[in-house]
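Asks: here you go, sequence then predicted model.
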Amino acid sequence: MKGEKFFGVIYALPNNLANRIFTKHKNIFIKFLAHNTKNIKIKIHNKLLVYISKSNKKITGEAVIKNIEFLHIKELKRKYSNKIFLNNKELNLYAIGREKKVLLVLTLYKIKRYHKERSIDYVITMAGKYINKEEYNKIIGKR
């Protein structure tokens, strides 16, 4: 995909956390990145596809990225406390040992769960996977 324009990203989540995005109106997605934040390829208006970890390689829904920020945990809590898809206890556990790192913070809109999950033929790791428009169309069944 070198030189290609990225259309979105697929991130893996446990089913219970994905459900909060789709049913509880928790529109702030967060992630600690393993790589430098300057190398991030996603942009505003790209798609975020939700892959259910430990599933049978299924994408369960999507959202559009409205805003991208990099925040420390304290800033995140102050700004978005009741909109984050993790509860406070989960967030604190997730941050242990990484309190000084910044999080990727995605504000989502046009959040939709697919009526029928979409199967893919590869596993998505916790690092995620960038996709282009052609890959997105293949996933959602457009030709």
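Replies: It's in.
Asks: quick one, helices of the chain?
Replies: 15-23, 73-80, 88-95, 133-140 (DSSP state H).
Asks: in JSON lines: these, plus mean neighbour count.
Replies: Quick note: C-beta positions are derived from backbone N, CA and C, even for glycine. Shown next, in JSON lines, are the helices of the chain (neighbours: other C-beta atoms under 10 Å):
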{"stretch": "helix 15-23", "mean neighbour count": "16"}
{"stretch": "helix 73-80", "mean neighbour count": "15"}
{"stretch": "helix 88-95", "mean neighbour count": "14"}
{"stretch": "helix 133-140", "mean neighbour count": "16"}
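Asks: what's the closest of these to residue 114?
Replies: Ranking the helices of the chain by proximity to residue 114 (C-beta to C-beta) places helix 133-140 first, at 8.0 Å.
Asks: for that closest one, packing partners?
Replies: Where contact means 3 or more C-beta pairs under 8 Å, 6 or more residues apart in numbering; DSSP states H and E, helix 133-140 is packed against strand 47-52.
Asks: name the spans of the protein whose pLDDT lies under the cut-off.
Replies: 1-4, 36, 143 (pLDDT under 70).
Asks: now for the top strand by length along it, which elements pack on it?
Replies: Using DSSP state E to define each element, the chain has its longest strand at strand 103-119. In terms of contacts (3+ C-beta pairs under 8 Å, 6+ apart), strand 103-119 is packed against helix 15-23, strand 28-32, strand 47-52, strand 58-71, helix 73-80.
Asks: how about the CA coordinates for the longest one, as CSV?
Replies: It refers to strand 58-71. Provided in CSV are the C-alpha atoms of strand 58-71 (Å, rounded to 0.1, in the frame of the first residue of the first chain):
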residue,chain,number,x,y,z
LYS,A,58,-15.7,-10.2,11.7
ILE,A,59,-16.1,-6.5,11.2
THR,A,60,-19.2,-5.4,13.2
GLY,A,61,-19.5,-1.7,12.3
GLU,A,62,-18.0,1.6,11.4
ALA,A,63,-17.8,5.3,12.2
VAL,A,64,-16.4,8.4,10.5
ILE,A,65,-13.5,10.2,12.3
LYS,A,66,-14.5,13.7,13.1
ASN,A,67,-11.5,14.8,15.0
ILE,A,68,-8.0,13.5,15.9
GLU,A,69,-6.1,14.5,19.0
PHE,A,70,-3.2,13.3,21.1
LEU,A,71,-3.8,13.7,24.8
